[in-house]
Every structure is written in structure tokens, then in C-alpha cells.
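A.B. asks: Predicted model and sequence follow; I will ask about them next.
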Amino acid sequence: MTGTAGSGTDRASFAASGRVFWLLPLALLGLPLVIGSYVQYIVNLTLVYVLVGVGFNVVLGNLGQLAFANAAFFGIGAYATGTLMYHLKAPFPLALCAGALAGGLAGALVALPALRGIRAFYLAIMTLAFGELMRWIYINADAVTLGSMGMQVPRPTLFGYVLVTDVDKYYVFLAVVTLLVAATANLLRSRVGRAFTAIRDNELAAASIGIPTARYMVLAFAWSGVVVGTAGALYAALVRHVSPEAFNLLELILHFGIVMVGGLASLAGSILGAAVLTAAPEMFRDLPGYEELLIAILMVAVLLLMPKGLASLLARASPLFRQRYFRD
Amino acid sequence: MTDPLIALSDVTVRFGGVTALSGVSLSLAPGEVVAVIGPNGAGKTSLFNAITGFVPLADGAIRLRGARIDGLMPHDISTRGVRRTFQNGGLFPEQTVLENVLSGLHAEVPGNPLAILFGLPGARRAERAAVARARALLDLMGIRHLERRPAGSLSGGQQRMVEIVRAIATDPPLLLLDEPAVGLAPPVREQLAAIVKLLAKERGIGVLLIEHAIELVMAVADRIVVLNYGEKIADAAPEVVRADKAVLEAYLGHA
Amino acid sequence: MLAQLLVSGFAQGCLYALVALAMTVVYRATTVVNFGHGDLVMAGAFCVYVLVVLAGADFFLSAALAVVLLFALGWAIQAGLIRPILAGPHLSLAMMAIAVGYALRGGARVLWGREVLPFPKVFPQGIIKLGPVILSPSDLIVAGVVAATLAVLAFVFLATPVGKTAQAVFQSPRGAALVGIDVGAFHRTMWGIGAAMAALGGILIAPITLLYPDMAASTLIRGFAAMTLGGFGSLPGAVLGGLLLGVGELLVGAYVSTKLIDITAYLIIILVLLLRPSGLLGRPAVVRV
């Protein structure tokens, strides 16, 4: 650490290096040229799980609140999008926005008890009950959801152009994911992100400096729901089949794994976690049990040996990857 | 006479069947330093929790510049200008020193959610202004060099300083310090005394101070309030309190 | 009809009470909420399955062995995985419990695949008539075992120093250590006891229902529903909540819709937390910020 910490040149260099992050999506533009179609599908799925991880991490890592409703937000986004496209033949962009909105509303709803003073384990149990309740609804509201068989989602279209191949979808996904990750980064590096971590570190002290903590908890869940709901919408467009099975507790361990293995409260970590773990369910499709076992063992290892996950390796390599809660 | 900065009248606080404060009245003027002393369990921290809204009043009223603040949520009371520090330290250990002070400015950083999400120039300007303000405060206390350190990695004395900087970041009219000198070495205590005096006499902040370190109390307090078993048994100038029989008995009886 | 529902619900509720009781013991003694408890119940059930069906051992011998094995597992989980991160954030402890639970579930699935396993009828068959009410011997056995467990726990927590120790360790592990309590050993033992009680639950459940690795989730949620209803952290509350949940599920199924049986527990959690967070017998659980 130098004596000029935070000086003008320092600030300029930091701002300049901050722009480095835009190189990643730019470089990814060329990816379809070098990979095959199955890998392209996995890459698209990885983009979906980047949003799943980034959204979940806001609640788990930044707010520090244990929650089990993430698979439910994912499912709600997917079902909202799928329902609009299947029943109402809505265009994909509209259905996508509906998925994001539905996820956000679900997030706010689950966290509403915080306004009545419900915290910690109580709120966690509430999210668990909510998640399982949603799965029951997917199965039983069959007039809309088509029950446990699930629904076949029509091909997504974009302004009249049908997204046929995974490469078509890839560019749409890349744009949506980049936008939402950048927005989340902006949010976390503002007074809102500071409020989240303040609540996590010491809620009474946060209240004592004028932060309405319960409202910020609702806000964190709502934004998390928007991001994860959008992931669900993209999932519906990618897999084109939405069924209750895809959003069960087995799905949830993948979400936990992405956040924990990538690193709590680290955006870069969630991206890394998604890159590492998205393929796991695909790899073990015919080997029941191995996916949970692998992710659970990785989580145990991270908890014991590397509490900040893979992101701590990045942060060690460059201070750029250290999560900052302000911008100058 | 104008309204005092803060006025408590007949404040009573109960936890289940236990009465932590019973009928306590006191007031404080701008720029005045009032120390609250008393044996352990006398209700000192309960008094702070009552003023800052962390515990509900069973009876009585608290007025800030004449306006009732009891019954408000803690964050509301804070934004009206009552800020505090915590006995066991209230910093956010995973935030850096700079981020802690920025958090202290929370209520005064404009926050249009859309501008924040899209990183619009307005939001960026507001953030830059807040960072400049936070750095100026750290400069003032001479701890600017710590700004990038996670708060959890600081020494006890440094943490106490940062917590005070965070509390006064918004220029509150009233500051409540809960045992700020615990665990500090004598030179740091003197530094602390100088800061408390500076805040009161030059910035006109009213300071309510819970403290066991009697030399610090004598050095900074304009007035001393003594609590015992939740009741106020003395409220006078330091020299008067020192000679008070009831106060001596309260302490000796517990010693 | 109503009498029958109440009695059958009571028997079912005894199982929920046992799950809630075990989770409450671990929570009260160590402040950790074991989100992997459902998987320990599942592990206990699979233990007896392996011993009875695959190894052909006697049921009661297998049951005893399963309890011992799970006690050792709980002890080892605390010693090897929880203790090293005890000083860390509470979220990490919960995540560890979740990870261990998923590892157990994954392990079970690796060994048994997606099959649903039937368990031999080890409890006496037949029916017992009490006026208009029909009971099965398994109902009586379940109720008897749970009552006995409850009696032992009540004795240990109320009439021996264990209760005071638990109180001290819960409030301040450091303070408890200062007055000479071996906090580490106490935590390990309590995790062992919690896991042994899980095994007991699994043993009682195995002969009644089919076994499958995902039974853990519904078990866990019903345990939470019972704890929430009775009052989180209250031992009598866990029992009361479990019994009421068992009866409530059957009443909802009979008078409203059988479809709702599965979500009675979820609805109870949501409603209780919204309307009366302290539950029936617990202390208020809300913060004032």
C-alpha cells in the first residue's frame, strides 16, 4: 500500500482498469467461431447460470442472509416467460421482461416478513417453505403450468426474427447477461451495496447510521429475484421445456455450489463458479447422486480451506478483482 | 428559554418484569458534554438504546429540539440527528475504513435507483462527492492512511476512532458515545478526550458519554448524570457529583 | 371419523415431534440450526435397510446399530467439519450443514439410484379396536418410542446438570469454558445425540413408508413447521408443534382436500411467521430495527 492511496492518478488508473471488464463480453463475441454446437449449448447454459449465481450472491453473500428460494425465483421466471409464450404467444422480449418482473415480485414477497422483524433462520425457513410451495403450485395449477409434464415453449423470436440456433440465442443471452451483471455491479458499488454489506456485518449499527435495514433486505431479495428470474426466462428460451422437476432441491444445490465455490459476495466469483459448475448436471446425467456428491464435497472443501472461494485466488492475483463498495 | 437539544422526561424501560430505567429525566444543550456514570447494570446502555429507538419506552417521552422522537424506528432517529457508537464496537468488519465512513453518510448520498443501476453521471457524481467528504473526515482525524484497510483488521483504538468518524459524518447535533475508552492505552485516551472536546466546543455537538474511566469523565464532562438501579440519583457539575454521598454509596455498595 | 383422524394424526405427529425435538436439542445446545437433519433421518432409515434387507440382520439389532452409527456420524460431523469453522460467520455453519446433508443424499442416490425401496413389515400387523377408533400396532410403537425419548430428554435436561450446561453454552460458549465446561466435547456429544435421534426417526419411519433419498426434504420441512408452530427453540413447543402438525395434516386432508396434505407444513410455517413469529410456546423472535 502506498502513501498516495486514493490520489488522483490512482483513481484514474483504477477507472481505466475498471474498463478492462468490458473486454470479457467483447472477447466472448467471437466464441461461436471456435466451438461446436453442443459446446455452444453448454456455453449458453453457463450464461444462464452466471445470472443465477450473481443474483443469488446478492442475498447470500452481500446481504448475508441464508435463503432457499433461489430455485423458486428461477422457476417463477421460467414459468412466467414460458406461460406468456405458450398460452398467449407473446414475443420473447416481452416474456423476458415478464420473467424478470415476476422474479422480482417473488423476491420482494418472500422478504416482506423482514418488515415485521423476521430475520436470520426464521427468514431462511420462510424461503424454504416458499420454494417448496411453488413446486406444489407448478404441479397443481395444471391449467396454466400443464402440471408435472411441463410445457413446451415455442421458439423465441426477436422483433420478428426467429432465434433458431444456439448461436442466435448466444448473442441475445450475452447482451442480457452483460447488462444485468453490469447493473448489479453498479448497484453493489453504490450506497445500496454498502447498505447490504452493512446489514450483513452489523445490523444494529447499520440502523444507527440511518439505514432502514428491513427495507434494504426486501430490496436485496427483489433485485436478486429480478436477476434470477431473468435467468429463468433465458432458461425457458434455451431448453424450451419448463417442468417442476427443473426447480427442485437438486437444482438448488447447484445454485449454492456456484455461489460458495465461486466466492461469497464476489461478482467475479459467481461468474467463475458458473463456469466451473454449470456442466456438472450434464456430465452426471446418467449417474444419479454424483452431482450432489461432487458439489457438496466442493462446498465442504471451500468452507474448510478457502472461505472466500475461487474469487480469493483472483483477488490475490490482482486488486481489480477485490469487491469494492464505492466508486471514485 | 428555547428547547434543549434533547430532553427526556420520566423515561421508563422494562424488559419483561425487570425495570431497566425508571422515570429518568434529563436534558442536554448544544455543545454540552454530559457523562453518564453508574455501576454495571444501572441502566446506562438501556438509556442509550431508549434514546436511539432500539428499545421501546414503557412510559415517558423523548424530545429532540422539542419534537417527539420516541416510538420512531432507529434509522429515523438517526437521520434526525442522533448518532451513536457501540460498547462492543459497531464497525462493519468486512468493509474498508473508507466504506465504513461512506456508509455513515448513507442518508445524505442521493440515491435514485435507476441512476444507480445504469451508472448514470448523476449517481457517479453523488458517489464521488461522498467519497471526497469521507476522505476529508478521515483527514481531519488523521487516519486517512487507513482508508483501504478492512475495519476488522484495525487495532481497538483505531476502530474506536473510525466509529466516531462514521457517527459524526453527517454532522449530527447529538452524539452518544458508549464506553469509548474501554481497552485504550492512556495516550489514546487523551487523544480521545481532545476529540470529544473538539466536537463539542468547536462543532457545537451535544455529547452524551457513558464512561467508566473517571479521569476521562473529569477531563471532558460539563455535567455528570449518575444512574443507579435504573434511577437518576445525581445530575450536577463534576465537582459536586464527586462530593455527593449518594453517589459514593452507590459505588461503594457495589464495590 | 373425527376421533379416528385425531388418533391417527397423533401417531403421525409423534414422528414429526421426534424430528423437531432432535433439531431443537442441537440448536439449543450449539446454536447451529441443522439444515441437514432430514438427511440424517434418511441415513438412519437406509442404515436399517442395509442391515435388515441386504445383510439379513435382526431388526432390533439393526436398529440399535443404526443409532450407534449415526451417533458416531453426528459426533464426527461436529468434530471434523463444524468445529474448524465455529468462529466464522453463522452462514458458513448453516452452509456446512446443508452441504453435509446433500452429500449424504448424493451418497444414498449413488448407491440406490432413483429407486423407491420397500421395507419388510417388521412391526406386528393387524388392528387394535378402541371403540370406533382403529389403531395399528405400529402407531402404538411409534408413540411409545417417542414418549420414552421425550421422558429421557426431559429427565436429562430438567433433572441433571446437562440442562444448565446447555443453557450456559448456548448463551456464551466462552463464559461456559471459563467455568470449566468442556464446550467442544459438549457440542460433539449433542451433535451425536441429535444424529442418534434422527436415526431413531428413520428407524420408525422405514417400516411405515417407502424409502427414497429425497424423503429428507419433506422430513426437514415438517420438522421446521413443528418447531415454528411450537416456538423455535422450545423443547415442549417442538413436541406440541409436531403433534398439532400431524393432526392438522389429516384434518386438512379429510375436510378440505387431500392435495393440501403436502403443503400444510409450508402454509403453517408461512402463516405462523407472519402472524405469530414466537409460535405457541416460544419467546418473541423479532428484532426492532
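C.D. replies: All right, it came through fine. Numbers count the residues shown, from 1 in each chain, chains lettered A, B, ... in the order given.
A.B. asks: Number of residues surrounding residue 227?
C.D. replies: Just going to use chain A. Using other C-beta atoms under 10 Å in any protein chain shown, the number of residues around residue A:227 comes to 29. Using the backbone N, CA and C atoms, a C-beta is placed for each residue, glycine as well.
A.B. asks: wrong one, I was asking about chain C
C.D. replies: Residue C:227 sits with 31 neighbouring residues when counted by other C-beta under 10 Å.
A.B. asks: Over to residue A:138?
C.D. replies: The number of residues packed near residue A:138 is 26, by other C-beta under 10 Å.
A.B. asks: In terms of secondary structure, what does the host helix or strand of it contact?
C.D. replies: In the assignment (DSSP states H and E), residue A:138 maps to helix A:120-140. For helix A:120-140, the contact count by 3 or more C-beta pairs under 8 Å, 6 or more residues apart in numbering or on different chains; DSSP states H and E identifies helix A:70-87, helix A:92-111, helix A:142-145, helix C:90-112, helix C:215-230, helix C:261-275 as packing neighbours.
A.B. asks: Reformat these as JSON lines; add mean pLDDT and distance to residue C:282.
C.D. replies: Compiled in JSON lines, these are given as follows (pLDDT from 0 to 100; distance: least, C-beta to C-beta, whole Å):
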{"stretch": "helix A:70-87", "mean pLDDT": "97", "distance to residue C:282": "26"}
{"stretch": "helix A:92-111", "mean pLDDT": "97", "distance to residue C:282": "22"}
{"stretch": "helix A:142-145", "mean pLDDT": "90", "distance to residue C:282": "36"}
{"stretch": "helix C:90-112", "mean pLDDT": "93", "distance to residue C:282": "19"}
{"stretch": "helix C:215-230", "mean pLDDT": "93", "distance to residue C:282": "7"}
{"stretch": "helix C:261-275", "mean pLDDT": "93", "distance to residue C:282": "10"}
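A.B. asks: residues in contact with stretch C:224-233?
C.D. replies: Stretch C:224-233 is contacted from outside by A:121-122, A:125, A:128-129, C:16-17, C:19-20, C:23-24, C:27-28, C:236-242, C:244-245, C:264-266, C:268-269, C:272-273, C:278-283, C:285, using C-beta atoms under 8 Å, 6 or more residues apart in numbering or on different chains.
A.B. asks: which of the residues you listed are buried?
C.D. replies: If you count burial by 16 or more other C-beta atoms under 10 Å in any protein chain shown, the buried members of these come out as A:121-122, A:125, A:128-129, C:16-17, C:19-20, C:23-24, C:27-28, C:236-242, C:244-245, C:264-266, C:268-269, C:272-273, C:278-282, C:285.
A.B. asks: The residue nearest to residue B:84 when sequence neighbours are not counted: what secondary structure?
C.D. replies: If the residues on either side of it in the chain are set aside, residue B:84 comes closest to residue B:176, at 3.9 Å by C-beta to C-beta, 6 or more residues apart in numbering or on different chains. Using DSSP: H, G, I helix; E, B strand; the rest coil, the three-state assignment for residue B:176 comes out as strand.
A.B. asks: Now do the same contact list for residue B:176.
C.D. replies: For residue B:176, the set of contacting residues under the criterion of C-beta under 8 Å, 6+ apart consists of B:48, B:51, B:52, B:82, B:83, B:84, B:85, B:207, B:208, B:209, B:210.
A.B. asks: State the next helix or strand along the chain beyond the host helix or strand of residue B:47.
C.D. replies: For residue B:47, the host element (DSSP H and E) is helix B:44-51. Proceeding C-terminally, helix B:44-51 gives way to strand B:59-64 as the next helix or strand, assigned by DSSP H and E.
A.B. asks: so what strands line up beside that next one?
C.D. replies: For strand B:59-64, sheet partners with direction are given as strand B:6-15 (antiparallel), strand B:67-68 (antiparallel), following DSSP bridges.
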